[in-house]
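J.: Sequence first, predicted model second:
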Amino acid sequence: MKCPFCSNENTKVIDSRPAEDNSSIRRRRACEECGKRFTTYEKVETIPLVVIKKDNNREPYDRSKIEAGVLRACHKRPISVHQINDLIDEVENTIFNREEKEIESSVIGELVMDKLKDLEAVAYVRFASVYREFKDVNTFMDELKKMLT
């Protein structure tokens, strides 16, 4: 592992433990040249996942797209970054646990909405309004009525 400070290739592992989410290993390292310390994470390489869009186009899975949608929905809501990351991690774990090579974007959207519904009502409605492409106030009201029952 190359030192991020001096680019020396001789570093040693000082400490190794599971990361908070138990899906990666956190390693504390020290450079043998400059003596500075840094942290690396080792994660299992997953099978490449392809997302099938509404128009049947296919594109590689990109976590940042889910992240962007959830962040937009949670904007100015009392939701911590930690809660958002946990939600995205849960969705991602569900997706990858299916062990399929392709997944429809609608499945991902529904997973996100299910998690948002449990987390925060306003964020859920915001996400649903974009995801379900509400055309008018009536479709918006129908979704609100579903939430209240």
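T.: Cool, the structure landed. Residues are numbered from 1 along each chain as shown.

J.: going forward, measure contacts between C-alpha atoms and count neighbours the same way
T.: OK.

J.: Break this structure into its domains for me.
T.: As assigned by automatic domain parsing, the chain contains the domains 11-43, 50-148.

J.: Quote the end-to-end distance of the shortest one.
T.: Using C-alpha to C-alpha, to the nearest Å, the end-to-end distance of domain 11-43 comes out at 19 Å.

J.: ok, now the last one?
T.: As for domain 50-148, its first-to-last residue distance stands at 35 Å under the measure C-alpha to C-alpha.

J.: now do stretch 76-87
T.: End-to-end for stretch 76-87, by C-alpha to C-alpha: 17 Å.

J.: List the neighbours of that stretch that are in contact with it.
T.: Residues from elsewhere that reach stretch 76-87 (C-alpha atoms under 8 Å, 6 or more residues apart in numbering): 70-71, 112, 115-116, 120, 122-123.

J.: could the domains of the chain be laid out in CSV, adding mean pLDDT and mean neighbour count?
T.: Output for the domains of the chain, formatted as CSV (pLDDT from 0 to 100; neighbours: other C-alpha atoms under 10 Å):
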stretch, mean pLDDT, mean neighbour count
domain 11-43, 90, 14
domain 50-148, 90, 14
